[in-house]
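Visitor: here is a sequence with its predicted model. Questions after.
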Amino acid sequence: MDYILNNMAFTSSFLVPAAVSDQHLRLASGNQIKVLLYFLRNVSGGTNVEDISAFLKLPDGEVKDALEFWAQAGILVSIGAPVNEVKAEEKPKVARPVTVKPTREEISAIASTDEKLSFLLGEAEMKLARTLRGNEMQTLSWLYLDHGMDVSIILMLVEYAVSEGKTTIAFIESIALSWLEAGVTTLSDAEKQIEARTKKKTAWGMVEAAFGIEHRMPSDKELEYANTWVIEWGFSREMLKEAYNRCVDAKAKLDMRYVNGILSRWFKDEIKSVEATRETEKVAARPADKKGFSAYDKSLVDKLLNNDD
């Protein structure tokens, strides 16, 4: 079925830079496109992360990541950052070089002589339990032909996507590119990546429970926070909840960066229990005497003196 533009839809419109479609459309995710369109539509009235997040029902962290993507692409400018003028003969820098994916005709021709490609596409269909769509066939072939990704690794990724219930080609491609950047070349490497991601998801589950967040898909930044707090720093659910309560008391809302600041301080001070946080605060709140020692300091001095007898 062919389509044409409905002229009635242009009674109200707004501008989108040509560079968005000419240079960045292939790299941008669906949510990044949504964030930019909302920003451009509402730019005259002012925009902020909270408004965009509320309208699109996306986590604040994902909105911030999307805005940063467009800033790095040269479409937006971060307030306070220097504006880099682009000369007429120069093209704006993009996050990754654009690679043209093979057409269905090219894939068919190559697969007729390349048994590995033919096997990849056939096995992918079996794992997905359906016929591959055009863009799926192109992306899987592109990962194998252009990036040299091993067929067994691609199929492991497809199987992982199925187990997660996220069989969109956008999800598969994003994970594949992150594996390539991490230098994944063997099945063992891929298994470690999956294990690390699974641990992050488990950590995020603990954060969700501690913060009382309704179950949803976390942003990459939220997963990193959860991994740091739970896996690396070893904080319990009770400590996460305590940090959350203090954040809400101070900010009247959840702010992941503020929570991270609290937990970072506790980690550096080796505070691992709620009781320890409160005891530390009691000591800090004790008034100092005329000589500049707190009651806590004096008791320590007395103990040291007694031990010398």
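Guide: Yep, it's here.

Visitor: where does the chain dip in pLDDT?
Guide: Filtered on pLDDT under 70, the chain yields the residue ranges 1, 7-11, 26-27, 44-46, 78-99, 283-309.

Visitor: which helix runs longest in it?
Guide: helix 187-211 (DSSP state H).

Visitor: and that helix, how far out from the chain's middle?
Guide: Put simply, helix 187-211 sits 13 Å off its chain's centre (Cα atoms, centre = their mean, to the nearest Å).

Visitor: which other helices and strands contact whichever strand or helix holds Ser174?
Guide: Using DSSP states H and E, Ser174 falls within helix 169-181. For helix 169-181, the elements it packs on are helix 134-145, helix 151-164, helix 187-211, judged by 3 or more Cβ pairs under 8 Å, 6 or more residues apart in numbering; DSSP states H and E. Where you see a C-beta, it was placed from the backbone N, CA and C, and this is true even at glycine.

Visitor: got the angle between it and helix 151-164?
Guide: 130 degrees (axes from the mean of the first three to the mean of the last three Cα atoms, to 10 degrees).

Visitor: now do helix 169-181 and helix 134-145, the angle between them.
Guide: Note on geometry: by the same axes, to 10 degrees, helix 169-181 and helix 134-145 are set 10 degrees apart in direction.

Visitor: which residues touch helix 169-181?
Guide: 29-30, 96, 133, 135-136, 139-140, 143, 147, 149, 153-154, 157-158, 160-161, 164, 189-190, 193 (Cβ atoms under 8 Å, 6 or more residues apart in numbering).

Visitor: could you redo the last one with a cut-off of 6 Å?
Guide: 135-136, 139, 143, 147, 157, 161, 193 (Cβ atoms under 6 Å, 6 or more residues apart in numbering).

Visitor: check which residues of it are buried.
Guide: Residues 169, 171-173, 175-176, 179 are the ones in helix 169-181 that count as buried (16 or more other Cβ atoms under 10 Å).

Visitor: quick one: residues contacting the residue most central in space within the chain.
Guide: Relative to the mean C-alpha position of the chain, the nearest C-alpha, by Cα atoms, centre = their mean, is the one of Asp220, at 1.7 Å. Asp220 makes no contacts at all, as judged by Cβ under 6 Å, 6+ apart.

Visitor: mind checking how far it is from Pro102?
Guide: 28 Å (Cβ to Cβ, to the nearest Å).

Visitor: Phe235 too?
Guide: For Phe235, the distance to Pro102 (Cβ to Cβ) stands at 47 Å.

Visitor: which element is Ala124 on?
Guide: If you go by DSSP H and E, Ala124 is part of helix 115-128.

Visitor: so which of Phe235 and Pro102 has more stuff around it?
Guide: Counted by other Cβ atoms under 10 Å, Phe235 and Pro102 do not tie: Phe235 has more neighbours, with 23 against 20.

Visitor: without its sequence neighbours, what residue ends up closest to that one?
Guide: Excluding its sequence neighbours, the residue lying closest to Phe235 (Cβ to Cβ, 6 or more residues apart in numbering) is Trp229, at 5.1 Å.
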